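In: predicted model, plus sequence, below.
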Amino acid sequence: MSEKKDNLKIIAEIGVNHNGSIKLAKKLVDVAKKAGADYVKFQLYKTENLVQRKTKNLKYQIKNTKKNIGQFALLKKLEINENFIIKIKNYCKSKKINFLCSPFDTESLSLLIKLKVFNIKIASGEINNYLLLKTIGKKAKKIFLSTGMSSLKEVDQALKILKFNGAKTKNIFILHCHSDYPTSLENVNLRAMTTMKKKLKVDVGYSDHTKGIETGIAAVALGARVIEKHITLNKKMSGPDHKASMEPKKFYEFVKLLKNSQTLLGSYEKKPTRIEKKNIKLIRKSISAKKNILKGERFSSKNITCKRPEGGLSPMLWKRVIGKRSKFNFKIDEFIKI
């Protein structure tokens with residue numbers, strides 16, 4: 001799918017909210033398409049390559065699933081295979097929405113490349129995964145790098161690895177985010193996004209894990225070129241990310257507001273619009289007779305004023321007019337001539 005350079009890109013993050021079901025995954029793709037999102041994003045990993053068997057659950061995982069079975073068991077249940085990726089990638093193509101995927105290990109990345117998936121999202125936890133960054137830099141055509149839990153120095157290091165291995169700056173988007181689900185407003189820190197844009201000289205965006213819609217809109221106002229948001233069919237569904245995700249009706253509203261926000265930003269040039277140019281003549285004023293004026297009278301604030309419409313002398317010429325003698329007779333409201 002073609003994209004204009006300045007268009008806001010919206011990623012509907014399905015992640016693991018498919019719960020291992022291709023049917024559910026397709027329904028979520030439909031939601032993203034209906035909303036007007038540009039990408040749907042999935043996660044691909046081999047659990048054995050991702051996490052040690054005794055790794056503990058994160059607090060939000062325990063809270064959202066009400067289970068403490070360890071990361072290995074939790075992630076294994078949500079793991080998808082090559083057949084799943086092929087089916088959902090083809091479904092996205094049929095729906096004319098871009099397919100995006102986050103690989104969490106080199107084996108998964110190799111599979112994506114084999115399947116000609118070159119739109120790659122790098123998860124926050126992989127920002128220091130040298131081997132993954134190196135291969136993505138070589139192979140990916142469009143790269144979205146999440147930066148949760150990272151310092152500016154770490155983001156810069158990852159960016160340099162991507163670029164050293166062939167990635168072009170114009171194809172890289174750095175996404176500010178906070179790695180907690182959901183993210184509280186006091187932890188959003190959107191100014192960090194603008195810092196990365198300024199310091200790293202790269203397009204930026206925001207991966208939104210907050211509950212509401214205001215953070216994404218504020219990010220667009222600050223210059224975000226990409227907004228990512230988790231979606232679900234129902235927050236009450238079983239799984240670690242559903243509770244921090246947005247349901248369809250709210251996501252439709254969210255995307256509409258994001259696009260409206262992008263539209264209202266306009267350009268950096270300050271000039272009258274086409275509509276304003278039509279309104280100028282009726283809204284701006286001219287130097288006009290305040291009362292009837294006889295030829296030879298001196299102009300003063302007692303006999304001239306500024307009134308709509310435009311068409312006579314500009315009020316900016318006031319100092320040139322005051323004190324001069326009138327060369328003509330003027331009736332009240334007539335434009336003054338000198």
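Out: Happy to help now that I have it. Numbers count the residues shown, from 1 in each chain.
In: in the protein, which spans are helices?
Out: 22-35, 47-50, 59-65, 71-77, 82-95, 106-114, 130-139, 152-164, 191-200, 214-221, 248-265, 274-283, 318-321 (DSSP state H).
In: compare those and say which comes out lowest on pLDDT.
Out: Comparing the helices of the chain by mean pLDDT, the weakest confidence falls on helix 59-65, with a mean of 75.
In: separation between R53 and F328?
Out: Going from R53 to F328 by CB to CB, to the nearest Å gives 98 Å. C-beta: built from backbone N, CA, C; applies to glycine.
In: check I22 too.
Out: Taking CB to CB, one finds I22 at 85 Å from F328.
In: now do L185
Out: L185 is 66 Å from F328, where distance means CB to CB.
In: now render the helices of the chain as a markdown table, adding distance to N7 and mean neighbour count.
Out: Formatted as a markdown table, the helices of the chain follow (distance: least, CB to CB, whole Å; neighbours: other CB atoms under 10 Å):
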| stretch | distance to N7 | mean neighbour count |
| --- | --- | --- |
| helix 22-35 | 15 | 18 |
| helix 47-50 | 33 | 16 |
| helix 59-65 | 32 | 16 |
| helix 71-77 | 34 | 18 |
| helix 82-95 | 19 | 15 |
| helix 106-114 | 24 | 18 |
| helix 130-139 | 23 | 18 |
| helix 152-164 | 22 | 17 |
| helix 191-200 | 17 | 16 |
| helix 214-221 | 12 | 20 |
| helix 248-265 | 8 | 16 |
| helix 274-283 | 22 | 10 |
| helix 318-321 | 47 | 13 |
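In: among the ones you listed, which comes closest to K291?
Out: When those are compared by CB to CB, helix 318-321 sits nearest K291, at 15.4 Å.
In: how many residues are close by G36?
Out: Applying other CB atoms under 10 Å, we find 15 residues neighbouring G36.
In: for it, list the residues it contacts.
Out: For G36, the contact set (CB atoms under 8 Å, 6 or more residues apart in numbering) comprises I10, V255, K256, K259.
In: now it, what are its backbone angles?
Out: With angles defined as degrees, to the nearest 10, G36 sits at phi 100, psi 20.
In: next one: it from I14, what distance?
Out: 16 Å.
In: can you check P103 too?
Out: From P103 to I14 the distance is 15 Å (CB to CB).
In: swap in R53?
Out: Counting by CB to CB - R53 and I14 are separated by 26 Å.
In: cool, and I217?
Out: From I217 to I14 the distance is 22 Å (CB to CB).
In: for K4, give me the pLDDT.
Out: Note on K4: pLDDT of 47.
In: same check on the one 4 residues further on?
Out: Among the per-residue scores, L8 shows a pLDDT of 96.
In: now do the contacts for the closest residue to it other than its chain neighbours.
Out: Spatial nearest neighbour of L8, excluding adjacent residues (CB to CB, 6 or more residues apart in numbering): Q262 at 4.3 Å. The neighbours of Q262, taking CB under 8 Å, 6+ apart as the test, are N7, L8, V220.
In: K89: which of these is nearest?
Out: Minimum distance to K89 across the contacts of Q262 is 22.5 Å, recorded for N7 (CB to CB).
In: who touches V255 in this structure?
Out: Each residue near V255 by CB under 8 Å, 6+ apart is listed here: I10, A35, G36, A37.
In: possible to save those as JSON lines with distance to N90?
Out: Formatted as JSON lines, those follow (distance: CB to CB, whole Å):
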{"residue": "I10", "distance to N90": "22"}
{"residue": "A35", "distance to N90": "21"}
{"residue": "G36", "distance to N90": "21"}
{"residue": "A37", "distance to N90": "18"}
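In: count of residues packed around the residue nearest to I283 when sequence neighbours are not counted?
Out: Setting aside the residues directly before and after it, I283 is nearest to R308 in space (CB to CB, 6+ apart), at 6.6 Å. As a burial measure, R308 scores 12 neighbours (other CB under 10 Å).
In: hang on, R308 packs against K285?
Out: Yes - judged on CB atoms under 8 Å, R308 makes contact with K285 at a distance of 5.3 Å.
In: against V220, how distant is the residue of the chain positioned farthest from its centre?
Out: When distances are taken from the C-alpha mean of the chain, G296 lies farthest, 64.9 Å away, according to CA atoms, centre = their mean. To V220, G296 is 62 Å away according to CB to CB.
In: for N90, same thing?
Out: Applying CB to CB, the value for N90 to V220 is 32 Å.
In: now swap in E154 and tell me
Out: Using CB to CB, one gets 25 Å for the distance from E154 to V220.
In: now do S108
Out: Counting by CB to CB, the gap from S108 to V220 is 31 Å.
In: just S124 next, same as before
Out: From S124 across to V220, the span is 21 Å (CB to CB).
In: where's the residue farthest from the centre of the chain relative to F328, distance?
Out: With distances taken as CB to CB, G296 is found 10 Å from F328.
In: again with L145
Out: For L145, the distance to F328 - CB to CB - is 72 Å.
In: so these two - more neighbours on which side?
Out: Neighbours per residue (other CB under 10 Å) separate L145 from F328, with L145 holding more: 26 against 12.
In: and the pLDDT at the more buried one?
Out: 98.
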